[in-house]
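Undergrad: after the sequence you'll find the predicted model.
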Amino acid sequence: MNLNKITYFLKGEKRWVFLDQLVFSATSFITTILLARQLGIGSFGVYSSIVLFLYLILSVSNAFVVAPFQVLISKVKQPGYYKAAVFQMQLLVVLLFCAISAAILFSEIPFLSNYSHYKISILLLLAGFLMQDFFRRVFLALDKGFEAFIIGFVSGGLQLIILLIYSINSSLELNDAIIVIAATYFPAIVLAFKYYGKIVLPIRYFRFYIAKHFSSGKWLLLTAVLQWSASNFLVAASGLFLGVKALGALRLSQTLFGVLNALLQVLDNYALPKAAIQFNKSAEDLKVYLKLVTKQSLYFLLPIAVLVIIFSKQIFFIAGGTEYVEYAYTLQGMAVLYLVIFLGYPLRIAIRVYMLNRDFFIAYSASFVFSLLSAQYLISQWQLYGVIAALVGNQLLMLAYWQWVLARKQFLLWK
């Protein structure tokens with residue numbers, strides 16, 4: 001491994017971007033292990049379903065607010081006003097989703113009876129989760145990696161300290177766990193306000209920028225729902241067809257693979273705005289940048305993936321205990337899946353930079369239809385092997401389509 005390349009990758013803002021994602025992934029990783037061991041499989045299953053819901057809302061929120069910001073920030077003439085407008089958009093989105101979620105949770109629908117004792121806790125968790133993630137992603141897009149790292153460190157550090165105290169001194173109830181995690185977001189949000197700067201602007205600018213986001217994000221908004229469905233529909237289906245134990249094993253496997261997901265998130269949060277800048281120069285500059293980022297990241301990604309595949313049983317035993325060892329193959333499958341996702345990331349970024357949001361949407365539509373049509377057969381025939389095969393098939397289908405679209409524009413990254 002070339003130490004000079006590692007040093008280059010970790011210097012300046014890149015260092016803070018990497019550390020921010022490392023803290024975020026490590027916090028998620030350890031929190032999930034603690035909760036899985038403390039709550040028991042039933043309560044952990046309920047918690048996992050709440051997390052799936054949070055990520056659905058997050059994907060919709062990011063599609064309308066953060067994703068257009070990552071590309072447009074390099075082009076706007078008044079970045080101060082634009083930052084203020086984006087914050088106000090995010091605040092409106094959070095209030096809207098909290099109101100919708102409250103209406104659903106307090107509706108006394110029989111299907112939601114498992115969540116009746118956690119209504120207020122879930123709403124606090126939703127608000128804190130969305131705002132903290134918004135600030136992290138915006139700071140990363142603004143080349144403020146240190147600020148992103150600090151707010152992630154504050155919330156993640158508090159979360160781990162409190163949960164560890166619970167794990168040592170007493171048993172942990174699900175409602176307590178949700179409140180603890182929600183409460184740790186708010187000190188970080190207060191700190192983020194200090195870093196963010198002015199958030200007041202004339203209403204005419206707000207209307208202008210919200211129109212920009214609607215124009216840019218309408219396809220991304222639809223894609224966000226399909227993107228969540230393409231990944232989590234299969235996870236939910238595994239619980240429906242195979243039971244809670246299989247769902248728990250798959251969710252634990254996904255969480256454990258957050259180590260590799262850290263690098264993928266760095267590409268999404270940091271490389272996309274940089275790629276947009278390079279594309280403003282020329283398509284060739286974009287190609288050079290994407291190749292460089294991919295090769296540098298591969299130095300970190302590949303050794304981790306290999307270790308996970310070799311030691312999957314040992315990792316599952318440490319994380320979940322003896323009952324999870326028989327599902328170690330799910331972790332190996334996730335390693336293969338994430339390598340496919342990673343190797344296709346340059347195509348994903350290129351599609352985003354070219355603003356081909358319609359084609360982004362079409363690819364995820366095809367992926368979701370494939371999941372919908374194949375899920376019952378694959379799961380009934382091969383159980384969790386079928387789930388993993390479907391997830392890999394989803395990615396290959398999307399990448400093939402994006403490659404075809406880019407080839408029509410004479411943009412071939414790898415020759």
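TA: Now that the structure is in, tell me what you want to look at.
Undergrad: residue 147: which element?
TA: Assigning secondary structure by DSSP states H and E places residue 147 in helix 145-169.
Undergrad: hey, which helix or strand in the protein has the poorest pLDDT?
TA: The weakest-scoring helix or strand in the chain, judged by mean pLDDT, DSSP states H and E, is helix 3-10 (a mean of 46).
Undergrad: what's the next secondary structure element after that helix?
TA: Using DSSP H and E, the first helix or strand after helix 3-10 is helix 12-64.
Undergrad: and that following helix, what does it pack against?
TA: In terms of contacts (3 or more C-beta pairs under 8 Å, 6 or more residues apart in numbering; DSSP states H and E), helix 12-64 is packed against helix 79-105, helix 119-141, helix 145-169, helix 174-196, helix 203-242, helix 244-256, helix 258-266, helix 312-320. (Glycine included, C-beta is placed from N, CA and C.)
Undergrad: give me the three-state assignment for residue 75.
TA: coil (DSSP: H, G, I helix; E, B strand; the rest coil).
Undergrad: how near is it to residue 355?
TA: As judged by C-beta to C-beta, to the nearest Å, residue 75 and residue 355 stand 11 Å apart.
Undergrad: of those two, who's got more company?
TA: residue 355 (16 against 12; other C-beta atoms under 10 Å).
Undergrad: residue 343 versus that one, what's the distance?
TA: Taken as C-beta to C-beta, the span from residue 355 to residue 343 is 23 Å.
Undergrad: which non-adjacent residue is nearest residue 24?
TA: residue 152 (5.2 Å; C-beta to C-beta, 6 or more residues apart in numbering).
Undergrad: next, the buried residues of the helix holding residue 147.
TA: By neighbour count on 16 or more other C-beta atoms under 10 Å, the buried set for helix 145-169 is 145, 147-156, 158-160, 162-163, 166.
Undergrad: next, count neighbours for residue 66.
TA: Counted with other C-beta under 10 Å, residue 66 comes out at 24.
Undergrad: how close does the residue lying closest to it once chain neighbours are set aside sit to residue 16?
TA: Among residues not flanking residue 66 along the chain, residue 137 sits closest, at 4.8 Å (C-beta to C-beta, 6+ apart). With distances taken as C-beta to C-beta, residue 137 is found 14 Å from residue 16.
Undergrad: overlap of the contact sets of these two?
TA: Shared contacts of residue 137 and residue 16, defined by C-beta atoms under 8 Å, 6 or more residues apart in numbering, comprise residue 148.
Undergrad: low pLDDT regions in the stretch 101-250 of the chain?
TA: 201-202, 227, 230-231, 240, 244 (pLDDT under 70).
Undergrad: report how many residues lie close to residue 96.
TA: Residue 96 has 11 nearby residues by other C-beta under 10 Å.
Undergrad: that older thread, any idea how far residue 100 is from the residue nearest to residue 24?
TA: Applying C-beta to C-beta to residue 152 and residue 100 gives a distance of 27 Å.
Undergrad: contacts for stretch 107-116 next, please.
TA: 46, 50, 104, 105, 122.
Undergrad: buried stuff in stretch 304-316?
TA: Neighbour-count burial for stretch 304-316 [16+ other C-beta under 10 Å]: 304, 305, 308, 312, 313, 315, 316.
Undergrad: meant to ask about stretch 203-213, not that
TA: Counting neighbours by 16+ other C-beta under 10 Å, stretch 203-213 gives 206, 209, 210, 212, 213 as buried.
Undergrad: between these, which sits nearest residue 323?
TA: Nearest to residue 323 among the buried residues of stretch 203-213, counting by C-beta to C-beta, is residue 213 at 46.5 Å.
Undergrad: residues touching that closest one, list them.
TA: Residue 213 touches 64, 65, 68, 69, 89, counting by C-beta under 8 Å, 6+ apart.
Undergrad: same thing but 6 Å
TA: Counting by C-beta atoms under 6 Å, 6 or more residues apart in numbering, residue 213 touches residue 68.
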